[in-house]
Structure formats: C-alpha cells, structure tokens
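Colleague: what shape does this take:
(chains A and B)
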Number of protein chains: 2
Amino acid sequence: MKIKLIVVGKTKKNELIKLINEYLKRINFYVKFSIIEIPSFKSKKINEKELKKIEGENILKYIEKNEVLFLMDENGKSFNSVNFSKFIENKIQLNKNLTFAIGGSFGFSNEVYKKSNQIISMSKMTFSHQVARLFFVEQLYRAFTIINNHPYHNY
Amino acid sequence: MKIKLIVVGKTKKNELIKLINEYLKRINFYVKFSIIEIPSFKSKKINEKELKKIEGENILKYIEKNEVLFLMDENGKSFNSVNFSKFIENKIQLNKNLTFAIGGSFGFSNEVYKKSNQIISMSKMTFSHQVARLFFVEQLYRAFTIINNHPYHNY
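Modeller: Numbering: from 1, shown residues only, chains lettered A, B, ... in the order given. Have a look, this model is predicted:
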C-alpha cells in the first residue's frame, strides 16, 4: 500500500519545500508516501477551461488502475483530524494505493472529478495551492500519529 | 486602526518565520499589522489547566481597552475566504483595533474566552499551532486582497 499526493505546479519557495520534505520523511516512517508535481501549463494563451483540461489529463496519467483517488477541494466533505485519521485507517484496509490530489489555481477538470472517489475539504477557506501542500502533509502526518497513538496530536 | 495577532510560544522554524514575515510585510501594505509572541510556560510541572491560565493572563495583558478580540479555535464559526474578507471589512468599520489570538497546545483559558468577541475556525482540522500562524497570515492577506480587488485571490 502506497500513498501519493499529486500537486499541480512546482513548489516554488525553498522554505515550503523544506517544511514539506520534513513531513514527507516523517510520514514515510509509517507508510510509503511520495509527492508528484505535475507541470502547470498556465499561460495567457490558455483559458481556465483548457488549462484545467490539460492539467487534468496530466493528473490522470498518474492514476493507476485500482487506485483510489481523493481530490482536495474546499467544497468537499470536511473532517476533523481524528475523523480524517479514521478515514485514512479505513481506506488503508482496502489494501489499494491511495492518491490525493491538490489542483492548480482553478481546480480540477470534470474528467478528474469523474475519476475521483471522494472530495475532501481541509477548510472552507481558499488557501494558496502552494501553502495547501504543507497543510495536507501536516494533516496526513497527524493522521498517522493518531492511528499509531503517537503523542504529536495532543502535543 | 491596527490589527494584531497574538500567538503563544516562539515560532521555532526559520522557514516558517520567513514565510510568515513575507505575509506580514504584504499585509502591512494594507493595514498596520503586527504579531506578538507571548512565551509558552509549558513544563512537566504545570498541568493543562494551570498552563492555560498563565498563558491566558499573558494574552490578556496585550488586550487594550476598546479592542475587539477574536480567538482562532477549530470549534468556532467557519468562513470561506470571501466571507472572511467581508467580516474583516465590517470590523474595520467599527474603527477599533482588532486582535486575533492563536492559543497554545491546549487552547485558551475560560478568562480569555470570556473576553473574546467571537471565535473563528479556519478549519475543523487541528493544525500544529506553529503552522496555524502561517494559515492565518495567508488568510488575512487574502482578505485584504479581496477587499481591495487585488487579483491574488483568483490567481
């Protein structure tokens, strides 16, 4: 069982890269976890719909058969951290690879929504899709510490 | 009119400090904004209730008369970013100083809750109170860009 996070566009800030990599390492203590950055095709020549379509096709290239896909989207189902950890624990029992995706500036194409198993919201607020990566890895790490009774969550 | 953010404990990671300072600068383009770090008195000799009490007394020292106090707490009222910007815009019209507070590991004492005007939730999820600082400043910056029709929010 592996977990991956697909994000659109390079993480630009060195500080964010460092913070994210620290959680990446810590999560790998519990589970095989990787982050895939697909390129952003943002340009003035491409409109929002076309951009989402191209980015969507690239996201879907990384979704293998039998993988379960969750989209992070502010309009999705919201969890508190304990329930999110139960959600993860539950999905692990499916014994399938789990993929989470954070979209680009305009979100996901319809094709990506159709392929997804569930839409999850970390917050009703819109966060920069760069910062959202840090939120996600912190929360995924937190979920594994809760599952494993590590004191991080109550620290 | 000034806005301040009170946080409990030093921001430890250099990367977080840098990211937070960048938003601090950007917010100051719109409004006088500062961050006050009050010390954490966490120790094995102090229980949760005592810790919240001491930290609470220190938070309240920084609340001046006529100031409006908002507590960031996962059980508070949640906003999306546009509504949060409207909330801020509204409060600015009171022409009072606004203070937001992010508590320590165990949250706020009853005394702090009693003094507060509203409890606001950025997410149902629990984030590290260190990372929560970054979430808050990103969201406050976003609010001012929305109020001022700056394209950041839709970027």
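Colleague: the helices in chain A, which residues?
Modeller: A:14-27, A:48-61, A:81-92, A:110-115, A:131-147 (DSSP state H).
Colleague: how far is the longest one from where the chain is centred?
Modeller: The chain centroid and the centroid of helix A:131-147 are separated by 10 Å, computed with CA atoms, centre = their mean, to the nearest Å.
Colleague: with just CA atoms, put that helix into PDB.
Modeller: Taking only C-alpha atoms (Å, rounded to 0.1, in the frame of the first residue of the first chain), the coordinates of helix A:131-147 have been written out as PDB:
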ATOM      1  CA  VAL A 131       0.500  26.500   1.100                       C
ATOM      2  CA  ALA A 132      -2.200  23.900   0.800                       C
ATOM      3  CA  ARG A 133       0.600  21.300   0.200                       C
ATOM      4  CA  LEU A 134       2.000  22.000   3.600                       C
ATOM      5  CA  PHE A 135      -1.500  21.800   5.200                       C
ATOM      6  CA  PHE A 136      -2.100  18.400   3.600                       C
ATOM      7  CA  VAL A 137       1.200  16.800   4.600                       C
ATOM      8  CA  GLU A 138       0.900  18.100   8.200                       C
ATOM      9  CA  GLN A 139      -2.600  16.600   8.300                       C
ATOM     10  CA  LEU A 140      -1.600  13.300   6.800                       C
ATOM     11  CA  TYR A 141       1.300  13.000   9.300                       C
ATOM     12  CA  ARG A 142      -1.100  13.900  12.100                       C
ATOM     13  CA  ALA A 143      -3.500  11.200  10.900                       C
ATOM     14  CA  PHE A 144      -0.800   8.500  11.100                       C
ATOM     15  CA  THR A 145       0.300   9.700  14.600                       C
ATOM     16  CA  ILE A 146      -3.300   9.400  15.700                       C
ATOM     17  CA  ILE A 147      -3.600   5.900  14.200                       C
END
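Colleague: for residue A:87, give me its contacts.
Modeller: Going by CB atoms under 8 Å, 6 or more residues apart in numbering or on different chains, residue A:87 touches A:79, A:143. All C-beta atoms are positioned from the backbone trio N, CA, C, and that covers glycine.
Colleague: quick revisit: for the helices of chain A, which one ends up most surrounded?
Modeller: For the helices of chain A, average neighbour numbers computed from mean count of other CB atoms under 10 Å in any protein chain shown are highest in helix A:131-147, which has a mean of 23.
Colleague: so for that helix, mean pLDDT?
Modeller: For helix A:131-147, the mean pLDDT works out to 96.
Colleague: how about it and chain B, touching?
Modeller: Yes: contact between helix A:131-147 and chain B is present through A:131, A:134, A:135, A:138, A:139, A:142 (criterion: CB under 8 Å from any CB of the partner chain).
Colleague: ok, stretch A:117-126 next?
Modeller: Yes: Stretch A:117-126 lies within reach of chain B by CB under 8 Å from any CB, at A:122, A:123, A:124, A:125, A:126.
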